[in-house]
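Novice: pasted the sequence and its predicted model underneath.
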Amino acid sequence: MSAVAELAPVEPVSQAQPAAGELRALFHKESQATRRTAARPGLYIAVVIYLLFAFSDILLVPDVAPYTIAARLAVGVTALLTLETLLLFNAPTKWLDITCAGAIIFGYIGWLVPTSFSSNQESVSYYMVFGTIFMMSANLFFTFQFRFSVVTSAIILCILYAVNYFIPSSFIYKLVFGAFYISCFVFTSYINWKLNRERYNVFLNALEARNQHREATERGVALLKLSRTDPLTGLENRRAVDERLRDLWNNWQLYGSTFAVLLIDVDFFKRFNDHYGHQKGDRCLIEVADSLRHLVEQRNAAIGRYGGEEFIVLAQLKRLEDVVALSEEIRQTVEALGVIHNERRDGTQVVTVSIGAAFTRDQPGAKLERIIQEADRALYLAKADGRNCVHLFDPNDPQTSDESENIAALLKIAIERELVSLVFQPIANMRTGKVEAMEALMRLTMPDGTAVPPGLFIPVAERTGLILELGRWAIRTACRELMSSEHIRTISVNVSPVQLKAPGFAASVAAALGEAGVTGDRLALEITEGLEMEMHSDVLRCISDLKLLGIKVWLDDFGTGFAGLSWLRLIDFDTVKIDRSFLHDCGTPRGRAMFQDIVGLLRNRGPKILVEGVENEQQLELLRRLNIDHAQGFHVGRPAPAERIRALFEAPKRQRTA
Ligand code: C2E
Ligand code: MG
Ligand code: MG
């Protein structure tokens with residue numbers, strides 16, 4: 001089913017009302033069930049009362065009492081036996097009604113006929129009044145259908161008239177008594193009719209209530225489905241996936257049923273959206289979603305949309321190999337769709353996905369969120385591996401190990417506990433030989449004083465988003481610690497693309513400059529062409545805002561990533577720092593040629609050239625020969641804390657004044 005069709009808005013669940021005839025038939029059907037259950041207790045009560053009237057027979061018509069009592073017993077027992085037999089054979093309700101009506105009529109005859117032969121005429125004339133009780137039972141006691149009870153009570157009326165005709169009594173008695181019976185017949189029939197109408201109305205109201213209840217339930221179900229569905233792709237949304245995940249997790253905890261979480265991210269989707277437009281972007285996501293749904297349904301797994309261009313698959317699998325196989329199948333399925341994506345610039349021309357997978361594993365204090373975090377880390381590494389690939393979380397991999405969890409925890413408290421600090425490394429101007437700038441480098445120590453290398457904590461900070469706060473802190477601290485010194489013209493601070501993408505980054509830098517009371521042209525931001533090589537429009541906007549503030553933008557580690565050249569085309573960098581590996585390779589003629597080529601390429605584009613990693617005089621000499629603008633490295637100066645840097649500049653001054 002197409003996603004759009006599945007997501008049709010919730011229609012009112014109203015249905016066509018049934019016609020009056022159908023309603024009557026329905027009422028009749030429902031009342032049959034009521035009559036069926038009421039028949040047995042009704043007839044038993046009626047028979048017991050009928051038999052108890054034997055005492056009034058003995059009192060009022062003792063001469064015929066043996067006959068009336070015999071008749072009462074015969075009718076009562078026969079009626080009950082007949083009813084039980086019918087119920088035993090599950091006979092239609094109509095026959096139960098006929099039995100009850102027959103019991104009334106024969107009960108009446110069985111009492112009336114012997115009574116009318118009694119010699120005690122006065123008692124008989126009073127006793128006859130009791131005959132109306134039979135009429136009442138037909139009309140009011142049993143819940144027959146209206147027509148049926150009217151016929152029964154009319155038969156009783158006729159029998160009375162027939163018997164009354166033969167009883168020797170005055171004309172007045174016959175007239176009064178006959179009129180009494182007729183009015184009794186009319187009134188009880190009328191009340192019966194009203195009761196039947198009332199019952200029908202109650203049935204209609206109950207039917208209406210039932211319909212409303214069903215409609216409300218159906219609407220509730222539809223709304224629930226909608227609240228659990230992603231409107232674009234028709235897949236389950238994050239909320240529904242989370243519930244499913246919780247169930248799988250509980251099953252794993254209780255019964256050990258293993259499962260895998262696969263996070264699937266559409267590669268370079270932002271670029272796809274920016275270039276082909278949002279409509280095509282949406283269509284691309286729908287196409288990917290449909291193909292994945294089709295695939296995972298066959299594998300008895302569940303799929304949901306977990307974020308913008310991120311999908312999640314939950315699969316009950318037994319072995320790690322199955323997880324890898326399913327992930328690879330998913331990757332290939334998307335690639336095989338062949339959705340054109342010419343803007344990704346990594347050689348591939350179609351839409352692909354990167355997949356991070358995690359599998360349940362026994363570990364102390366396991367938490368549900370953990371498996372998602374593990375899949376997320378695996379996804380990060382899949383992207384780092386160049387995308388369009390699968391990465392399975394490996395607990396023994398140092399990049400994904402618990403260590404980074406500890407580092408993340410450490411980073412959270414780093415600023416508050418002063419575990420983070422900055423050191424500054426000099427950058428010399430090759431023409432004047434003077435230190436013109438300082439690069440701020442972040443340092444992290446554990447509470448016991450052990451240093452954590454930036455290569456370890458910076459990626460964790462980027463992945464967890466903690467780099468945003470740390471980055472702001474670095475800029476603020478760098479401005480505060482060194483910009484008061486007039487000897488250092490420029491301070492460069494490293495920023496990661498995560499920071500540039502964060503809204504309000506330029507404003508926060510402006511605020512830090514304002515706080516330190518320095519102008520923007522004394523600050524340089526170094527951007528590394530690293531993993532996050534997609535150049536988002538937000539990043540470009542942020543860079544142009546920074547440039548408006550007068551801030552310099554430098555490209556760091558040039559040559560190590562894939563994006564350097566296209567970045568050079570898009571951004572007007574003030575300085576480009578050539579990665580130290582190129583300088584270190586200059587020992588070989590091939591390495592030197594490569595280095596010279598890079599310098600030549602940059603020179604033509606116009607930015608200042610800085611070479612990192614200068615470790616000896618020969619390298620410095622080479623840079624001089626190649627007319628490099630700036631040099632940085634252990635040979636120029638090692639990174640040192642701010643106070644040492646300040647002391648270094650102030651010492652010659654003191655010597656001069658001494
Ligand atoms: P980077 O920005 O390229 O920093 C230069 C790195 O090279 C520093 O390593 C520095 O100590 C090292 N280095 C300097 N001169 C030499 C040399 O002559 N030889 C050799 N072998 N190495 C030299 P560090 O401090 O370990 O920083 C590593 C990376 O961590 C930095 O590379 C930067 O990408 C990142 N980083 C450091 N501080 C920050 C920060 O505040 N924010 C962000 N986002 N990243 C940072
Ligand atoms: Mg740097
Ligand atoms: Mg560098």
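Specialist: It's in. Ligands and ions are numbered 1, 2, ... in the order given.
Novice: how close does R319 get to G356?
Specialist: 18 Å (Cβ to Cβ, to the nearest Å). In this view, the C-beta of every residue, glycine as well, is placed from N, C-alpha and C.
Novice: and these two? Which one has more around it.
Specialist: Between R319 and G356, G356 has the larger neighbour count (other Cβ atoms under 10 Å), namely 26 against 11.
Novice: check what pLDDT that one gets.
Specialist: Per-residue confidence at G356 stands at 95 (pLDDT).
Novice: quick one: contacts for it?
Specialist: 262-263, 265, 375-382, 391, 393 (Cβ atoms under 8 Å, 6 or more residues apart in numbering).
Novice: so which of those residues reach ligand 3?
Specialist: Among the contacts of G356, no residue lies close to ligand 3 (Cβ under 5 Å from the ion).
Novice: could you export the residues you listed as CSV, including secondary structure and pLDDT?
Specialist: Formatted as CSV, the contacts of G356 follow (DSSP: H, G, I helix; E, B strand; the rest coil; pLDDT from 0 to 100):
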residue, secondary structure, pLDDT
L262, strand, 97
L263, strand, 96
D265, strand, 96
A375, helix, 93
D376, helix, 89
R377, helix, 85
A378, helix, 91
L379, helix, 91
Y380, helix, 84
L381, helix, 85
A382, helix, 89
H391, strand, 94
F393, coil, 91
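Novice: tell me the domain boundaries of the chain?
Specialist: 20-208, 238-400, 405-636 (automatic domain parsing).
Novice: now do the phi/psi pair for the nearest residue to R271 once chain neighbours are set aside.
Specialist: Leaving aside its sequence neighbours, R271 sits nearest to E343 (Cβ to Cβ, 6 or more residues apart in numbering; 4.8 Å). Phi and psi for E343, reported as degrees, to the nearest 10, are phi -100, psi 10.
Novice: check T450 too.
Specialist: Residue torsions, per degrees, to the nearest 10, at T450 are phi -70, psi 130.
Novice: distance of it from L466?
Specialist: Taken as Cβ to Cβ, the span from T450 to L466 is 19 Å.
Novice: of these two, who's got more company?
Specialist: Shown here are T450 and L466; by other Cβ under 10 Å, L466 has more neighbours (20 against 8).
Novice: that one against A409, yeah?
Specialist: No: using Cβ atoms under 8 Å, L466 is not in contact with A409, being 10.2 Å away.
Novice: which residues of the stretch 501-650 of the chain lie near ligand 1?
Specialist: For the stretch 501-650 of the chain, the contact set with ligand 1 under Cβ under 6 Å from any ligand atom comprises E526, T528, D556, D557, R580, E612, G613, V614, E615, G633, F634, P639.
Novice: what subset of those is buried?
Specialist: Neighbour counting by 16 or more other Cβ atoms under 10 Å classes E526, T528, D556, D557, R580, E612, G613, V614, G633, P639 among those as buried.
Novice: ok, the last one - contacts?
Specialist: Right, the one you point to is P639. Here P639 is in contact with V423, F424, Q425, E439, L441 (Cβ under 8 Å, 6+ apart).
Novice: read off the pLDDT value for it.
Specialist: 96.
Novice: now it: phi and psi?
Specialist: Torsion angles at P639 (phi, psi; degrees, to the nearest 10) stand at phi -60, psi 140.
Novice: repeat that for the first one.
Specialist: Here is the backbone geometry of E526 (degrees, to the nearest 10): phi -100, psi 120.
Novice: do you have the strands of the stretch 1-150 of the chain handy? List them.
Specialist: For the stretch 1-150 of the chain, no strands are identified by DSSP state E, counting those that start in this stretch.
Novice: got any ranges where it has weak pLDDT?
Specialist: 1-18 (pLDDT under 70).
Novice: list the contacts for the closest residue to ligand 3 within the stretch 51-200 of the chain?
Specialist: For the stretch 51-200 of the chain and ligand 3, the shortest gap (Cβ to the ion) falls at Y200, measuring 88.8 Å. Y200 is in contact with F27, counting by Cβ under 8 Å, 6+ apart.
Novice: what does the stretch 451-600 of the chain put close to ligand 2?
Specialist: Applying Cβ under 5 Å from the ion, one finds that the stretch 451-600 of the chain approaches ligand 2 through N494, E526, D556.
Novice: so which of those residues also contact ligand 3?
Specialist: D556.
Novice: can you list the low-confidence ranges for the chain?
Specialist: 1-18, 364-365, 398-405, 529-536, 561-564, 651-658.
Novice: how about 50 then?
Specialist: Applying pLDDT under 50 to the chain picks out residues 1-14, 531, 533, 654-658.
Novice: could you pick out the longest helix of it?
Specialist: Longest helix in the chain, counting residues (DSSP state H): helix 171-227.
Novice: buried residues, the following helix or strand past that one. List them.
Specialist: Sequence order places helix 238-255 as the next helix or strand after helix 171-227, per DSSP states H and E. Using 16+ other Cβ under 10 Å as the test for burial, helix 238-255 gives R238, A240, V241, D242, R244, L245, L248, W249, W252.
Novice: what about helix 238-255, distance to the chain center?
Specialist: How far helix 238-255 lies from its chain's middle: 12 Å, per Cα atoms, centre = their mean, to the nearest Å.
Novice: what's the angle between that helix and helix 171-227?
Specialist: Orientation note: helix 238-255 sits at an angle of 90 degrees relative to helix 171-227 (axes from the mean of the first three to the mean of the last three Cα atoms, to 10 degrees).
Novice: quick check: closest non-adjacent residue to whichever residue of the stretch 101-250 of the chain sits closest to ligand 2.
Specialist: Scanning the stretch 101-250 of the chain for the residue nearest ligand 2 gives R238, at 36.9 Å (criterion: Cβ to the ion). Once flanking residues are discounted, R238 sits nearest to Y306: 5.7 Å by Cβ to Cβ, 6+ apart.
Novice: the helices in the stretch 301-450 of the chain, which residues?
Specialist: Under the criterion DSSP state H, counting those that start in this stretch, the stretch 301-450 of the chain contains helices at 320-337, 368-384, 402-414.
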